[in-house]
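Novice: Predicted coordinates and the sequence they were generated for:
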Amino acid sequence: MRLPILFFRLYLLALFCFVFAPIVTSTVFSFNSDRFPTMPLGHFTTQWYQTAFARPEVWEAFRNSVTVALSAATLSTALGFATAYTDFRFGFRFKSAYLALALLPPTIPLVIMGLAMLAWLGQLGLSGSITGIIIAHTVMAAPFAMAICRMRLQQMDASLEAAAWNLGASPWRAMRVVVVPFCLPAVISAFCLTAAVSFDEFIVAWFVSGLNKTVPVMILEILQGNVDPQINAIGTVVFVTSITLVVAAQLLLLGKTAR
Amino acid sequence: MARKPSIYPYFWRAPLLIWQGLFFVGPLILMVAMSFWLVRNYRMEPDFVLANWERMLTRDYFWSAYQVTFLRASIAAALASLFAFPASYALAFLVSETTRRWAIFFLIVPFFTSYLVRVYAWQVLLAESGPVNAVIGFVGLGPFTMLNSGFGAMVGYLTLIMPLVVILQTFSLAAIDRNLIEAAWNLGASPRRTLVRVIVPAAKVGLILGAVFAFILSFGDFVSPFYLGGSKPPTLSILIIDTTKSGQQWPRAAVVAVMMILTLFTVAFAAVGAAYRRNA
């Protein structure tokens, strides 16, 4: 039963090349001097970064993105933690419907979320505002936060909390001194991951943003014009940001689970 | 535990209900309602008319967009499952626990990493004078036109779904009881027979789940068909965006959206049903 191991090695390598090719390409071309992406490469330059970041609207977009990502990450992490704890601790009627509601958002196509949000936020008078984007991103990111916190709670001995109660702690106090410290790495991890989800999301943001553009929405609009190496420069910054967040999220979890 | 009624459980249970009710269920219900609204003089009026439904569902361009979207998403799901399987097999059975964990780690990273910029990078890579054609040119072939075609869109779909499909397949393959496989060998089954009769059925749930997620994500995707597929023929998501962004035809876009959600629910339920059916 020794299927050629070499074949599988090469196959895995090819798969990872396919998955990472776009990330590498964007980075390489962001430092390439040629206006149009051709082979062979020109010489090394940071010119595209300079032109891109000399534009005030690029800074504006980054400010918007950071505001949205931090707010949406805070809200969705809080929401995700509360939901994960509810699932972990309590049984009640319609619990499976409750969980379905919690986990459903990522399965709805983004374009549809965008349309629905646009109409709804318009009714609430929130369309075109940063608040609208934060609301939408919180809905979309909360399930990821919930999943991460739920995984961590799974590792907690359920009797720990009960012990605190028996020793006279109120449920609130048991939450504060037992559950929260135990879940802290997962909470931070969820914060990083949801920030990445929000930072990269562009379709719903594009629908509801109006004039307050986030970085990916700006990229989307530049893309509708011509090939522009500035996108590689901005894109590389976006990659570095979200990869850092996702790697941090994972390391926090791995470091704790290996315990 | 007999304690007096407390707000404690509700404090943790309520936030999700309130938030998702207000900002997830609410918008979706409004969208369904909107598909029955009336558009007069470029303004929407709440109403209950079937005009939008009639208008969309009797048009050929809607059904051809539907066909293209459904077909492409099915092909993408099939190709992703097929291409992912050898990799997942290797990760589940042929590498160490540590390697597998790191591989999953490196597959999760791109899944959460700026899909839009990755698609733009494919635009660069697949261009007429781009790196891929340069490599093909070395062996004296091409250049091929890869952008603005079904091929281009497919590359984009696979970029989106490949990491997720490999992760789901790997988990389900790795969870198979090794004794089952060894029993098959000991009973004299050939590798191929072991694969088809033991491994695939045992990992069925994960394999189907991978394909379903691949289908859902490709079916709703707008970026790949637009930037790599050249938006001709349009997919349903492109139809929604065109209808929404140019002109005030939100109710018609809502009709398309409701049709998409119905399709996804049908496919998901059918697939999950198939996944958990015994001895299929």
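Specialist: Thanks, I have the structure now. Numbers count the residues shown, from 1 in each chain, chains lettered A, B, ... in the order given.
Novice: Name the single longest helix found in the chain.
Specialist: In the absence of a named chain, chain A is used. Using DSSP state H, we find that the single longest helix of chain A is helix A:56-89.
Novice: Correction: the question concerned chain B.
Specialist: Under DSSP H, chain B gives helix B:60-89 as its longest helix.
Novice: Show me what counts as buried in that helix.
Specialist: Of the residues in helix B:60-89, B:62, B:65-66, B:68-70, B:72-77, B:79-81, B:83-89 count as buried by neighbour count, 16 or more other CB atoms under 10 Å in any protein chain shown. No exception for glycine: its C-beta is placed from N, CA and C like everyone else's.
Novice: what's the average pLDDT for that helix?
Specialist: On average, the pLDDT along helix B:60-89 is 94.
Novice: name the helices or strands packed onto it?
Specialist: Judged by 3 or more CB pairs under 8 Å, 6 or more residues apart in numbering or on different chains; DSSP states H and E, helix B:60-89 is in contact with helix A:5-30, helix B:150-174, helix B:204-220, helix B:236-245, helix B:250-276.
Novice: The longest one to helix B:60-89, inter-axis angle?
Specialist: So the one you mean is helix B:250-276. 40 degrees (axes from the mean of the first three to the mean of the last three CA atoms, to 10 degrees).
Novice: And the pLDDT at the residue in the stretch 151-280 of chain B that chain A sits nearest to?
Specialist: Nearest residue of the stretch 151-280 of chain B to chain A (CB to the nearest CB) works out as B:Gly220 at 2.4 Å. Per-residue pLDDT puts B:Gly220 at 93.
Novice: can you check A:Pro37 too?
Specialist: 66.
Novice: just A:Ala258 next, same as before
Specialist: Reported pLDDT for A:Ala258: 46.
Novice: B:Met34 - nearest residue in space that isn't next to it in sequence?
Specialist: B:Ala254 (4.5 Å; CB to CB, 6 or more residues apart in numbering or on different chains).
Novice: Pick out the residue nearest the middle of the chain.
Specialist: Looking at chain A here, since you left the chain open. In chain A, the centroid-proximal residue (CA atoms, centre = their mean) is A:Val197; its distance is 1.8 Å.
Novice: should've been chain B
Specialist: For chain B, the residue sitting closest to the mean C-alpha position, by CA atoms, centre = their mean, is B:Leu217 at 1.9 Å.
Novice: next one: stretch A:215-222 to chain centre, how far?
Specialist: Distance, stretch centre to chain centre, for stretch A:215-222: 17 Å (CA atoms, centre = their mean, to the nearest Å).
Novice: what number of residues lie near the residue of the stretch 101-250 of chain A found nearest chain B?
Specialist: Residue of the stretch 101-250 of chain A nearest chain B, by CB to the nearest CB: A:Pro109 (2.4 Å). The tally of other residues near A:Pro109 (other CB atoms under 10 Å in any protein chain shown) stands at 23.
Novice: can I assume it is in contact with B:Ser218?
Specialist: No. The pair A:Pro109 / B:Ser218 is not scored as a contact, 9.9 Å apart, by CB atoms under 8 Å.
Novice: List the residues that contact the closest residue to the residue nearest to the centre of chain B other than its chain neighbours.
Specialist: Leaving out its chain neighbours, the residue that sits closest to B:Leu217 by CB to CB, 6+ apart is B:Ile161, at 5.2 Å. Shown in contact with B:Ile161 (CB atoms under 8 Å, 6 or more residues apart in numbering or on different chains): B:76-77, B:80, B:213-214, B:217-218.
Novice: mind redoing it with 7 Å?
Specialist: Shown in contact with B:Ile161 (CB atoms under 7 Å, 6 or more residues apart in numbering or on different chains): B:76, B:80, B:214, B:217-218.
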